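K.L.:
here is my input, please return the structure:
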Amino acid sequence: MEQLTPELLAIDAQDRPVDKHFRRREFRRILALAWPHRGKLAVGLLVTILFAGFHTASLGGAFPVFKLLLEREGFHGWVHRTIAASRLGLQLGQPGEEQSVIVLDVGSAAADRAPGVVAGDILADAAGRPMAALLAELAAAETGATVSAVVNPKQEPRAVTLTPGVPETKFRLLRWAAGFIPVSDETERGKRQVLIYLLSALMVMILIANIFRYLGEVLVSDAILRAMIALRAQLYERTLHLPMSFFAARPTADLVTRFVQDVQEIQRGLLTLFGKFTREPLRVMFILAWAFSINWRITLSMVVVAPIALVIFLLVGRSVKGANRKLLQAYGSMIGALTTSLHNLRVVKAYTAEDVERERLRQVDLRMFGQQLTLAKLRAFITPAMETLGVVAGCFATVWLVGRVLEHELSMSTFGTLGLMLSMLFDPLRKLSDVWVRVQQSTAGAERIFQVIDQPVESDLTDARTTLNPLAQGIEYDHVTFTYPGAAVPALHDVCLSIARGDTIALVGPNGSGKTTLVSLLPRFFDPDEGAVRFDGIDIRLATLRSLRRQFSLVSQEAIVFEGTPLENIAFGDTSVDEARAQDAARRAYADEFIRQIPGGYRAALGERGTTLSGGQRQRLVIARAIYRDAPILVFDEATSQIDTESEQKIQAALKEFSQGRTTLIIAHRLSTIQFATRIVVMDAGRIIDAGTHSELFDRCPLYRTLCETQFVTESA
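P.N.:
So this is what the prediction gives:
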């Protein structure tokens, strides 16, 4: 499997879907990820609704402010006039300086409640009181009570009896809410005091709204982030149990991209879905509902500009999506180029190629700059475009609304409140512009992740139920042929080999001869295309993977050291670490001597890949891991680099001591190891061409003699 590198962490992998189709199946599976956290999401939705309500209420609070500042009757006068008119079935204009109101329209209910009153009449109090007092009495009167008034007092006055009907529920609520606002007198000081009260109430509502918004976002984020932890755990668990053939068909970096980039796409999509997609439409609905309650005709005529803004957002959002994909690809190329240079810095310096590498990185950076600039232009366009659209729409709306004010169809306070509310619609519409793109991208990422999660794991590919006991007789390769996925030529061809229990077998041959492939079939990293591998006469395809792999201690050519402590590395795979046993394994592998010299000893942090250790130290640590496992079969792929003479001698001694009584397979690169083996197997082009002792093969096998003379590293080298 290819070495894990960060090259493709930030790029869209080659098989990332780029079509624009909405993937319903993946979308449902994304939602299923959040289902276990539905409680937090439900509470988050509830507080989001409360946020939208308080936010809209804070905007609606501008209405009494406008009434107080712009109109003589004030907020309470408007409340009384509105309720009184509704209860009488009339539409009344604002009181004039002469303490009277004009009847603008007469409804069907007015025949019984205000008999004789017609549109155009002037209505005043019969006792000469201010009109505000008459309207307040009508608004608060008991149902069925009568109130005396006079019609057209300066022309042809006539007395009328007004009988208010049952107030509607919404007007009862309006009167209840108005009771919280103090009544101002007509003086400047009185209005200032009420203004301070109103503004203080607005600030409190805005504070409460934003507290609810904070709580909603935190609850949603908590639920989604926990869902992503569960998704990565599911993806990680599935990846670890996939057959090796899956990894042979694709680069490791592609899988890393799915863990990082694609999971982030799903995370952003869900946060957008349960955040913006929930919060902003609620704000739009509450704002529109309030605006429609003030004047539905004018509100309906004003919202026609919203689709224009939405179209602009969708067009720009689509362009941003394409530019962002190209930027991520360029960013990934930059990371790959930089990683290559830094990992091979010794070669760069040795060949004085600093200028060449700098120019190569500059060209990559310039390509990334082009995509960054394109993205910056698109993002820079959206705000001025929306501002221009808002100003143009606002200018047309102002001219139209002012016309309604001049024709007495609209009051100044209603004009100001409607203008404020409708202007606030642009903010949620702007935030909703990228929702579709985010959700679409998240389904594309989900498709790639579920491609891995839906892969059958190793245990699903077999119905093996046999539990293997420790090897008692031997291992047999019975006419085994194997070809790697996608390869044209078999890596092994008709291999027959018998290994008795306790044998030490050395596998030798040129690079690519099939040595590593041969031992990879033992723990069923791959299954043969033809033939069978048998343990004590049992086809290993009939054995459970756990019982089979418990048979092996593996020492690979690359000494794999995990990030952690020496103790954790030695006891790797053991859920209950036996520290005394680990230290004994380290002593037998000649690793204890250098571990105790490290600050912290067995509990020291080794860092990523054990870079603080030498090659020989890492190899001895890996041998200690194999000794700790204490499996009946040892597979040892001998390292040929980064090992000094002292380390080599200690590794050889540890190997000889540990292999006693065990079945050992060694992929040999050193003559001392070959001579140590009880039998040597010579391989070439996927076939076994000879087997025997060192002296036998040196005399009769030309390939083996050539390997000894030209390729094997001897002690004197």
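K.L.:
for this protein, which helix or strand comes out least confident on mean pLDDT?
P.N.:
Lowest by mean pLDDT, DSSP states H and E among the helices and strands of the chain is helix 306-343, with a mean of 62.
K.L.:
tell me where the stretch 451-600 of the chain has helices.
P.N.:
Along the stretch 451-600 of the chain, counting by DSSP state H, counting those that start in this stretch, helices occupy 515-520, 545-549, 566-570, 579-588, 592-595.
K.L.:
tell me the buried residues in stretch 442-455?
P.N.:
442-450, 452 (16 or more other CB atoms under 10 Å). For the C-beta atoms, the positions are set from N, CA and C on the backbone; glycine is no exception.
K.L.:
for Leu90, what are phi and psi?
P.N.:
phi -120, psi 160 (degrees, to the nearest 10).
K.L.:
quick check: beta-bridge partners of it?
P.N.:
The bridge-partner assignment for Leu90, based on DSSP bridges, gives Val106.
K.L.:
just give me the neighbour total for it.
P.N.:
If you count neighbours by other CB atoms under 10 Å, Leu90 ends up with 23.
K.L.:
okay, it: pLDDT?
P.N.:
Leu90 is assigned a predicted lDDT (pLDDT) of 91.
K.L.:
ok, the residue nearest the centre of the chain - contacts?
P.N.:
Compute the mean C-alpha point of the chain, and by CA atoms, centre = their mean the closest residue is Gln267, 2.1 Å away. Residues counted as contacts of Gln267 (CB atoms under 8 Å, 6 or more residues apart in numbering) are 224-225, 228, 442.
K.L.:
and stretch 194-205, how far out from the chain middle?
P.N.:
40 Å (CA atoms, centre = their mean, to the nearest Å).
K.L.:
now do that stretch, average pLDDT.
P.N.:
What stretch 194-205 shows for mean pLDDT is 80.
K.L.:
got the buried residues for that stretch?
P.N.:
Of the residues in stretch 194-205, 194, 197-198, 201-202, 205 count as buried by neighbour count, 16+ other CB under 10 Å.
K.L.:
what does stretch 158-175 give?
P.N.:
Within stretch 158-175, the residues scored as buried using 16+ other CB under 10 Å are 160, 162-164, 167, 171, 174-175.
K.L.:
any idea which of the residues you listed is least confident?
P.N.:
Leu174 (78).
K.L.:
hmm, that residue is touching Val79, no?
P.N.:
Yes - using CB atoms under 8 Å, Leu174 is in contact with Val79, at 6.0 Å.
K.L.:
which residues are common contacts for those two?
P.N.:
Common contacts of Leu174 and Val79 (CB under 8 Å, 6+ apart): none found.
K.L.:
I'd guessed Gln446 sits against Ala32; true?
P.N.:
One thing to correct before we go on: residue 446 is Ala, not Gln. No - the pair formed by Ala446 and Ala32 falls short of the contact definition of CB under 8 Å, at 10.4 Å.
K.L.:
identify the contacts common to these two.
P.N.:
With CB under 8 Å, 6+ apart, Ala446 and Ala32 have no common neighbours.
K.L.:
farthest pair within the contacts of Gln267?
P.N.:
Greatest spatial distance among the contacts of Gln267 (CB to CB): Leu225 and Ser442, at 14.6 Å.
K.L.:
relative to Ile499, how far out is Glu530?
P.N.:
For Glu530, the distance to Ile499 equals 20 Å [CB to CB, to the nearest Å].
K.L.:
residue ranges in the stretch 501-650 of the chain under the pLDDT threshold?
P.N.:
Across the stretch 501-650 of the chain, the ranges flagged by pLDDT under 70 are 607-611, 639-647.
K.L.:
let's see it at 80
P.N.:
Low-confidence segments of the stretch 501-650 of the chain, defined by pLDDT under 80: 557-560, 562-564, 573-575, 605-616, 638-650.
K.L.:
how about the strands in it?
P.N.:
Assigned by DSSP state E, counting those that start in this stretch, the strands in the stretch 501-650 of the chain fall at 504-508, 530-535, 538-539, 552-555, 633-637.
K.L.:
okay, those strands, which one's buried deepest?
P.N.:
strand 504-508 (a mean of 24; mean count of other CB atoms under 10 Å).
K.L.:
now do the contacts for the residue of the chain most remote from its centre.
P.N.:
Distance from the centre of the chain peaks at Glu156, with 76.4 Å (CA atoms, centre = their mean). Neighbouring residues of Glu156 by CB under 8 Å, 6+ apart: there are none.
K.L.:
and the nearest residue to Ser498 once chain neighbours are set aside, what does it touch?
P.N.:
Closest residue to Ser498 apart from its sequence neighbours, by CB to CB, 6 or more residues apart in numbering: Glu476 at 5.1 Å. For Glu476, the contact set (CB under 8 Å, 6+ apart) comprises 497-499, 533-534, 537.
K.L.:
just the closest of those residues to Leu271, please.
P.N.:
Val533 (49.6 Å).
K.L.:
do I have it right that the closest one meets Tyr477?
P.N.:
Yes - counting by CB under 8 Å, Tyr477 is a contact partner of Val533 at 5.7 Å.
K.L.:
mutual contacts of these two, please.
P.N.:
Applying CB under 8 Å, 6+ apart, one finds that Val533 and Tyr477 are jointly contacted by Leu521.
K.L.:
mind checking the SS state of Pro36?
P.N.:
Taken by DSSP: H, G, I helix; E, B strand; the rest coil, the conformation at Pro36 corresponds to helix.
K.L.:
surely it and Ala230 touch.
P.N.:
Yes - with contact defined as CB under 8 Å, Pro36 reaches Ala230; the gap is 7.3 Å.
K.L.:
for Ala571, which non-adjacent residue is spatially closest?
P.N.:
Excluding the flanking residues, the one nearest Ala571 by CB to CB, 6+ apart is Val577, at 4.2 Å.
K.L.:
give the contact list for that neighbour.
P.N.:
Residues in contact with Val577 (CB under 8 Å, 6+ apart) are 567-568, 571.
K.L.:
of the residues you listed, which is the most crowded?
P.N.:
Ranking the contacts of Val577 using other CB under 10 Å puts Ala571 first, with 22 neighbours.
K.L.:
dump the residue contacts of that residue.
P.N.:
Counting by CB under 8 Å, 6+ apart, Ala571 touches 577-578, 581-582, 625, 628.
K.L.:
which one of the residues you listed sits in the busiest neighbourhood?
P.N.:
Per-residue neighbour counts (other CB under 10 Å) across those peak at Arg625, which has 28 neighbours.
K.L.:
how about the contacts made by that residue?
P.N.:
Neighbours of Arg625 in contact, by CB under 8 Å, 6+ apart: 553, 555, 569-572, 585.
K.L.:
determine which two of those are furthest apart.
P.N.:
Greatest spatial distance in the contacts of Arg625: Val555 and Ala571, 15.7 Å, computed using CB to CB.
K.L.:
circling back: separation between the residue nearest to Ala571 and Ala139?
P.N.:
Plainly put, Val577 is 81 Å away from Ala139 if you go by CB to CB.
K.L.:
I'd like to know which elements the helix or strand in which Ser672 is found is packed against.
P.N.:
Using DSSP states H and E, the element containing Ser672 is helix 671-676. Using 3 or more CB pairs under 8 Å, 6 or more residues apart in numbering; DSSP states H and E as the contact test, the elements touching helix 671-676 are strand 504-508, helix 645-659.
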